[in-house]
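Undergrad: based on what follows, work out the 3D shape:
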Amino acid sequence: MKQFMDKDFLLSNDTAQKLYFDNAANTPILDYHCHINPQEIYEDRQFKNITEVWLGGDHYKWRFIRSCGVDEHYITGDASDKEKFLKWAECLGKAIGNPLFHWSHLELQKYFGYHGVLNKNTAEEVWELCNKKLAEPSMSVRNLIKQSNVTLICTTDDPVDSLEWHKKIAEDDSFDVQVLPAWRPDKAMNIEKPTYLEYLSTLADVAGIQIHSFADLCKALSARMDFFASMGCSVSDHGLEYVMYAPASTEEIEAIFNKRLSGDAITREEELKFKTAFMVFVGKEYAKRNWVMQLHYGCKRDNNTLRFNELGPDTGFDCINNYAPSSEMADYLNSLIQTNELPKTIIYSLNPNDNQAIGTILGCFQDSTAVAKIQQGSAWWFNDHKTGMQEQMISLANLGNLSGFVGMLTDSRSFLSYTRHDYFRRILCDLIGTWVENGEYPADYDTLGEIVKGICYNNAIKYFGFHLKPQE
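TA: Prediction:
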């Protein structure tokens, strides 16, 4: 029997262990997509207790605690931080097979030096240990980032954002980790939302361009992209409910936009046509700037109306959408490549059933401008567990170029989540190591090391064009 989460955790053979310890374990982290707050980095926040850093805003954990029959009072309610932690510890002790069990214990090991098991019996001990540790200067936000071996972070930022905290961080010579903005224009695209006209007014003010037409909207967005680029941005991200491709004439798009500006409701068909025009426009703008376009889709959000009305969005009531838009995705990318304006693109679906479809789409649009110019993104959200990561990488290897993969992203609001990169790297090395042990790939450790370091770090540097030194 193997020891619980020892140094060889998830590394099932000698080759996997060699690949991990020689190439992956000490390679830095490049976090090209996350949701952490740049203000907290600049102000170097110090957390008061483990609940603040671990349970605040973490809907992954909230969903599991609810599944254990715990009252909302102890999840998002008025219970004390200690009461919330004790409930979490009690639930975690039974989280067999859930990645939360592994993530939580990796974080306890790395940041708090605790190698035991957190459950209802050890909860008091761990509460005291973690809170004592969090009081140390070494556990401030900046120091957590540094001890995680992170070299660069891309946050998620709306076009109207002033990016003031990114500017302040860049001007602070005492912190050498790059913190760059990433462009997330969902609010500018979601024409059907009740708050859309209010958002347009804010965008117009920030851009200094009055928005009376779709052409004006495009000018305002282009101006804001120029500003983001001046702040080091080279990455965009879109949270799409679905992938659409419903082309329409310029005149029709202007008519739809004008209808919405006048306060009238638009039809579903009109919404799809507008969003298609929006995505074609921004895709071409990204190609012009050599930005990377990330497309996240396949999520059905806010399903529990009762809880949504009480708690709002991003509180744990989303699920996988069973819509598989392979033809629409191919048509969208084709609309950009027809005029040679297809940017580097990373495609993420929340539905693992889309893996093979995505893998076949990638091969239709690759060219010599970049290694794996069109990427399948890392297993995302409900899939960033052992099985999900293995299936995504196996599918990518079967149908595309795994060696060119840009690897793991944190996609988190927590400063302790960097251990997810270690989790991913162990799974990666075990997968490749098993292929070698089975005689499916030669034990060529020079090439294998290059592949592992590439997926863990170096590929992302080249792909995104970040100013970082690759690992040799």
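Undergrad: can you map out the helices along the stretch 51-200 of the chain?
TA: Taking DSSP state H, counting those that start in this stretch to define them, one finds helices in the stretch 51-200 of the chain at 59-67, 81-92, 99-112, 123-134, 141-147, 164-170, 186-189, 196-207.
Undergrad: same question, the stretch 351-472 of the chain
TA: Under the criterion DSSP H, counting those that start in this stretch, the stretch 351-472 of the chain contains helices at 355-362, 386-399, 419-437, 445-453, 459-464.
Undergrad: can I get the helices of the stretch 51-200 of the chain in JSON lines with mean neighbour count?
TA: In this view, the C-beta of every residue, glycine as well, is placed from N, C-alpha and C. Formatted as JSON lines, the helices of the stretch 51-200 of the chain follow (neighbours: other CB atoms under 10 Å):
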{"stretch": "helix 59-67", "mean neighbour count": "19"}
{"stretch": "helix 81-92", "mean neighbour count": "21"}
{"stretch": "helix 99-112", "mean neighbour count": "20"}
{"stretch": "helix 123-134", "mean neighbour count": "17"}
{"stretch": "helix 141-147", "mean neighbour count": "18"}
{"stretch": "helix 164-170", "mean neighbour count": "17"}
{"stretch": "helix 186-189", "mean neighbour count": "19"}
{"stretch": "helix 196-207", "mean neighbour count": "16"}
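Undergrad: redo those helices as JSON lines? Include distance to residue 16 and mean pLDDT.
TA: Below are the helices of the stretch 51-200 of the chain laid out as JSON lines (distance: least, CB to CB, whole Å; pLDDT from 0 to 100):
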{"stretch": "helix 59-67", "distance to residue 16": "27", "mean pLDDT": "95"}
{"stretch": "helix 81-92", "distance to residue 16": "27", "mean pLDDT": "98"}
{"stretch": "helix 99-112", "distance to residue 16": "16", "mean pLDDT": "97"}
{"stretch": "helix 123-134", "distance to residue 16": "30", "mean pLDDT": "98"}
{"stretch": "helix 141-147", "distance to residue 16": "25", "mean pLDDT": "97"}
{"stretch": "helix 164-170", "distance to residue 16": "37", "mean pLDDT": "98"}
{"stretch": "helix 186-189", "distance to residue 16": "39", "mean pLDDT": "98"}
{"stretch": "helix 196-207", "distance to residue 16": "49", "mean pLDDT": "98"}
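Undergrad: of those, which is nearest residue 44?
TA: Nearest to residue 44 among the helices of the stretch 51-200 of the chain is helix 141-147; the distance by CB to CB comes to 4.7 Å.
Undergrad: how far is that closest one from where the chain is centred?
TA: 19 Å (CA atoms, centre = their mean, to the nearest Å).
Undergrad: for stretch 444-452, same thing?
TA: Its chain's average C-alpha position is 27 Å from that of stretch 444-452, according to CA atoms, centre = their mean.
Undergrad: export it to CSV, keeping only CA atoms.
TA: Output in CSV follows, covering the C-alpha atoms of stretch 444-452 (Å, rounded to 0.1, in the frame of the first residue of the first chain):
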residue,chain,number,x,y,z
ASP,A,444,14.3,9.2,-24.8
TYR,A,445,14.6,11.4,-21.8
ASP,A,446,16.0,14.4,-23.7
THR,A,447,12.9,14.6,-25.8
LEU,A,448,10.6,13.6,-23.0
GLY,A,449,12.1,16.3,-20.8
GLU,A,450,11.6,18.9,-23.5
ILE,A,451,8.0,17.8,-23.9
VAL,A,452,7.2,18.0,-20.2
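Undergrad: what average pLDDT does it get?
TA: Stretch 444-452 comes out with an average pLDDT of 98.
Undergrad: what about residue 348, helix or strand, and which?
TA: In this assignment (DSSP states H and E), residue 348 forms part of strand 344-349.
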